[in-house]
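[1] Here's a sequence, model it:
(chains A and B)
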2 protein chains.
Amino acid sequence: MPETMVAKHAQWPRVADPIFNISEKAQAAIKSLGKENVINATIGALTDDDGNIITLNTVFDEYKSLPNSEIAAYASIAGQKDYLEAVKKACFKDSMPDAHIRAVATPGGSGAIKLAVWNYTNEGDEILTSDWFWSPYVSISEEVGRKVTTYQLFNEYNNFNFNSFRERFLNIASKQERIFTILNTPAHNPTGYSVPDNDWDKILNLSKEVAQNPEKKIILFVDVAYIDFVKDDDGCRKFFEKFTNLPENILVIVGFSMSKGFTAYGMRMGAAICISSSEDVAEQFYYSCVHSCRANWSNCNRGPMKVLTNIINNPEKYKEYMDEKKIYKEMLSKRAEVFVEEAKKCELDILPYIDGFFISIPCEDPKAVSEELTKDNVFVVPLKRGLRFAVCAVSEEKCAIAPSIIKNALERVRGQMLARD
Amino acid sequence: MPETMVAKHAQWPRVADPIFNISEKAQAAIKSLGKENVINATIGALTDDDGNIITLNTVFDEYKSLPNSEIAAYASIAGQKDYLEAVKKACFKDSMPDAHIRAVATPGGSGAIKLAVWNYTNEGDEILTSDWFWSPYVSISEEVGRKVTTYQLFNEYNNFNFNSFRERFLNIASKQERIFTILNTPAHNPTGYSVPDNDWDKILNLSKEVAQNPEKKIILFVDVAYIDFVKDDDGCRKFFEKFTNLPENILVIVGFSMSKGFTAYGMRMGAAICISSSEDVAEQFYYSCVHSCRANWSNCNRGPMKVLTNIINNPEKYKEYMDEKKIYKEMLSKRAEVFVEEAKKCELDILPYIDGFFISIPCEDPKAVSEELTKDNVFVVPLKRGLRFAVCAVSEEKCAIAPSIIKNALERVRGQMLARD
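    Residues are numbered from 1 along each chain as shown, chains lettered A, B, ... in the order given. Predicted coordinates:
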């Protein structure tokens, strides 16, 4: 009886978050050995070379100068009107699709995924994403009885594996009314990959093909959580323009987050933004999401909405903000560049990195390798198919030495495996 | 086709929030007539006599002096450990039940209701609350396919209608495995009523009776959103002690919110706190809720967690905070007292008010009366069974004149109805 006070659908294994576990170990090592002797590549936030989280002054000065009432008062359920306009500008910049666009405020990008998954799929539905993926996609889906299924992100040439995408997409289309796909691009977590524009064309052409059957409902969820730390701000947004003039049964939902771009991780602010050629579909999105907001978290954190609005709508503040962010974007690029270079030198196999916070190293038995690496005081997150190294949280100096340490650990584990066989 | 891009379960009427509508009208009236000529009793937040939201300096000085990193970094999925301890103290003060208690951070009290409803009921289940209730209980329940059913809160003597509660409770127990009840007390929204301790005894005795059937699972959700604005801080918490030593198949979940007590409405911080005699049930609560957190909003707003923690754990800060809040508690009491007195004088029938932000006036056709009142530049929220008057947002002076204005409007509408018949 005690085991079942909670409803059946709400019973989950009592496990601690694996990222949290490894991150605790890293912190313990730093405490006993000193931070100069530890590489903590587990953190999902941009830090300085000493591992302290970076906060943008342009964001926090604006925030702390808000009148208390602007932080204390309830926001509208859907989000403040001026925020909902400003966040579209922040998201699309010069590449706003010519379509009916509606935004709803959400707690970070996670809240946007939640709204989309809940409102646009049915129980039992399969949701498609790549085999390298951010694991909370599974938590969000399984919480409400949906399943995540995957295509291979890369082909043998380390290019976007459109054939695999196509095969899985059509497979779902053959058995479901709804084909819901999550694309985490640009600057994919965990690989740092971005879907190239010509592959976007293929994805959209395939979607249009399937959309010829009016019974099919195609939802492309684009998770752009890392877009504001991509080197080429404008270039990486060009693909948004392709969402102009899609058939009415293709709906694009963009998940925007202030977490990274405004170093506001803990403030929980983002938006779900829909793009449709039909005003009715867009309106329906809005009202469904507003109901869900009310029924899940009521309304969102008001202060950060005002901060984004004030910065986006004031050219001077915006320039200062972009200038400050640029410094850190360059720091991040440099770290990643050094890691990629050194990986090449020591022949450490890594996945194609373009932009973003993480680099992935494919390997067998990632848990064993991650464990082995702790002996070298290097802490990385083990994923299903490899390791995630957070260049966002590791100094350039350490990014230069990490690849060969990882390469060695990989070889030791491989040796142990061979010895066991 | 366009109508059904959204899944069937996510299609809701495209209506704007009724509270929002009336509140917009009030703001328009203030703009054209001046605030001295308008009574805006629609707001759900404590305001000064001019209608400006009150923010506690002890809260916001603490908040704005936090280092940026303490606001910017992600919190743990369940909430920061020190917050989860501090929030128990904030909630129970000297009346902590002797039981296994676990807390999980949530976006306001709404998030706590969401977690409890989702994890502790099944699709199609009826959820029990009183006939005077906060309408989002319905949104939260219907979003996930649950239905709200009600008992009569008051009997003919305007006391807690235990007979009605008992009848509905047993009716649900006769057809469902799970009996999930929401009790919004003390300082109930919308009436300002608090369930007396001896009625709590009756509720718990009834629960224990039903719990003798080990197949039955009884969940008492106690929404204490307004507890920190009750006149008698300690007295109003005594009922918590009754949750010691309950059978394992009675689980109490308390929904705590920082919104009112810390004037932090827009910051979205609260907690779901479970109380069980079984450690296993408590652990299960924790892990189910953590999964739901991850799957709905990921983690909560970190800054306000630290504020509550710092204030609760520092006796000096705590005293300053309580002293500051006391001023506003007294202001609120005085307003309500005057309203109740004047209602009595002009024979306006109101529901029994004890504490809290709102007073309710039962009437026929509340929409018509609310509409009629706008002619007097008085704005109140129409509920299903009457009007909600926000003493939290109306000056003492206006609280003194409102009852007779409402009385007159009621009589005009009654006259119109009779004329129509």
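[2] give me the low-pLDDT residue ranges for chain A?
    Under the criterion pLDDT under 70, the flagged ranges of chain A are A:1-3.
[3] Give me the secondary structure label for the residue nearest in space to the middle of it.
    Among the residues of chain A, the one closest to the centroid is A:Ala225, at 4.5 Å (CA atoms, centre = their mean). Following DSSP: H, G, I helix; E, B strand; the rest coil, the label given to A:Ala225 is coil.
[4] my read: it touches A:Pro190, true?
    No - proximity of A:Ala225 to A:Pro190 does not meet the contact threshold set by CB atoms under 8 Å, at 11.9 Å. Just so you know, the C-beta spots here come from the backbone N, C-alpha and C atoms, and that holds for glycine as well.
[5] What residues sit buried inside the helix ranked longest in chain A?
    Scanning chain A for the helix with the most residues, using DSSP state H, yields helix A:315-345. Within helix A:315-345, the residues that qualify as buried are A:317-318, A:320-321, A:324-325, A:328-329, A:331-332, A:335-336, A:338-340, A:342-343, counting by 16 or more other CB atoms under 10 Å in any protein chain shown.
[6] Next, the angle helix A:315-345 makes with the helix or strand just after it.
    On the C-terminal side of helix A:315-345, the closest following helix or strand by DSSP states H and E is strand A:358-362. Using axes from the mean of the first three to the mean of the last three CA atoms, to 10 degrees, the inter-axis angle of strand A:358-362 relative to helix A:315-345 is 20 degrees.
[7] Pairing partners for strand A:358-362, with directions?
    strand A:386-390 (antiparallel) (DSSP bridges).
[8] ok, and what's touching the partner strand?
    Outside strand A:386-390, the residues within contact range by CB atoms under 8 Å, 6 or more residues apart in numbering or on different chains are A:41-44, A:132, A:190, A:339, A:351, A:357-363, A:366, A:369-370, A:373, A:380-382, A:402, A:406.
[9] residues making contact with stretch A:315-333?
    Outside stretch A:315-333, the residues that touch it by CB under 8 Å, 6+ apart are A:46, A:54, A:56-59, A:62, A:228-229, A:231, A:261, A:310-312, A:355, A:357, A:391-392, A:396.
[10] Of those, which qualify as buried by neighbour count?
    A:46, A:54, A:56, A:58-59, A:62, A:228-229, A:231, A:261, A:310-312, A:355, A:357, A:391-392, A:396.
[11] In helices, which of the residues you listed fall?
    Going by DSSP H, the helices hold A:58-59, A:62, A:310-312, A:396 from these.
[12] and the residues you listed as JSON lines, adding distance to chain B?
    Formatted as JSON lines, those follow (distance: CB to the nearest CB, whole Å):
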{"residue": "A:Thr58", "distance to chain B": "11"}
{"residue": "A:Val59", "distance to chain B": "8"}
{"residue": "A:Glu62", "distance to chain B": "12"}
{"residue": "A:Asn310", "distance to chain B": "16"}
{"residue": "A:Ile311", "distance to chain B": "15"}
{"residue": "A:Ile312", "distance to chain B": "19"}
{"residue": "A:Glu396", "distance to chain B": "21"}
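[13] which one of the residues you listed is nearest B:Phe256?
    Among those, A:Val59 lies closest to B:Phe256 (CB to CB), at 29.5 Å.
[14] which residues sit in contact with A:Ser292?
    Contact criterion CB under 8 Å, 6+ apart gives A:114-115, A:118-119, B:10, B:143 as the residues in contact with A:Ser292.
[15] Then A:Asn119?
    A:Asn119 sits in contact with A:285, A:288-289, A:292, B:6-7, B:10, where contact means CB under 8 Å, 6+ apart.
[16] Mind checking which of these land in helices?
    Reading helices off the contacts of A:Asn119 with DSSP H, I get A:285, A:288-289, A:292.
[17] Which residue ranges make up each domain of chain A?
    The record's domain parsing of chain A by automatic domain parsing lists A:8-55+A:326-420, A:59-316.
[18] chain center to the longest one: distance?
    Here the centre of domain A:59-316 is set off from its chain's centre by 10 Å, with CA atoms, centre = their mean, to the nearest Å.
[19] how many neighbours does the closest residue in space to A:Trp297 that isn't next to it in sequence have?
    Counting by CB to CB, 6 or more residues apart in numbering or on different chains, B:Pro107 is the residue found nearest to A:Trp297 once chain neighbours are left out, at 4.0 Å. Applying other CB atoms under 10 Å in any protein chain shown, we find 28 residues neighbouring B:Pro107.
[20] do A:Arg412 as well
    Residue crowding around A:Arg412 was assessed by other CB under 10 Å; the count is 16.
[21] Same question for A:Asp125.
    A:Asp125 sits with 22 neighbouring residues when counted by other CB under 10 Å.
[22] OK, contacts around it?
    Contact analysis of A:Asp125 by CB under 8 Å, 6+ apart lists A:146-147, A:176, A:178, A:180.
[23] about what we covered before: of the ones in helices among the buried ones among the contacts of stretch A:315-333, which is the nearest to A:Cys274?
    Set against A:Cys274, the nearest of those by CB to CB is A:Ile312 (19.5 Å).
[24] show me what contacts the closest one?
    If a contact means CB under 8 Å, 6+ apart, then A:Ile312 has A:86-87, A:89-90, A:318 as its contacts.
[25] same thing with A:Leu351?
    With the criterion set at CB under 8 Å, 6+ apart, A:Leu351 makes contact with A:132, A:154, A:158, A:191-193, A:359-362, A:386.
[26] my read: the residue nearest to A:Trp297 touches B:Pro304, true?
    No - contact between B:Pro107 and B:Pro304 fails when scored by CB under 8 Å: they sit 10.4 Å apart.
[27] Could you pull out the residues contacting both of the two?
    Where contact means CB under 8 Å, 6+ apart, the residues bridging B:Pro107 and B:Pro304 through contact with each are B:Met269.
[28] before we move on, back to that, would you turn the contacts of A:Asn119 into a markdown table with distance to A:Pro97?
    Written out in a markdown table, the entries for the contacts of A:Asn119 read as follows (distance: CB to CB, whole Å):
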| residue | distance to A:Pro97 |
| --- | --- |
| A:Phe285 | 14 |
| A:Ser288 | 20 |
| A:Cys289 | 19 |
| A:Ser292 | 23 |
| B:Val6 | 20 |
| B:Ala7 | 24 |
| B:Ala10 | 23 |
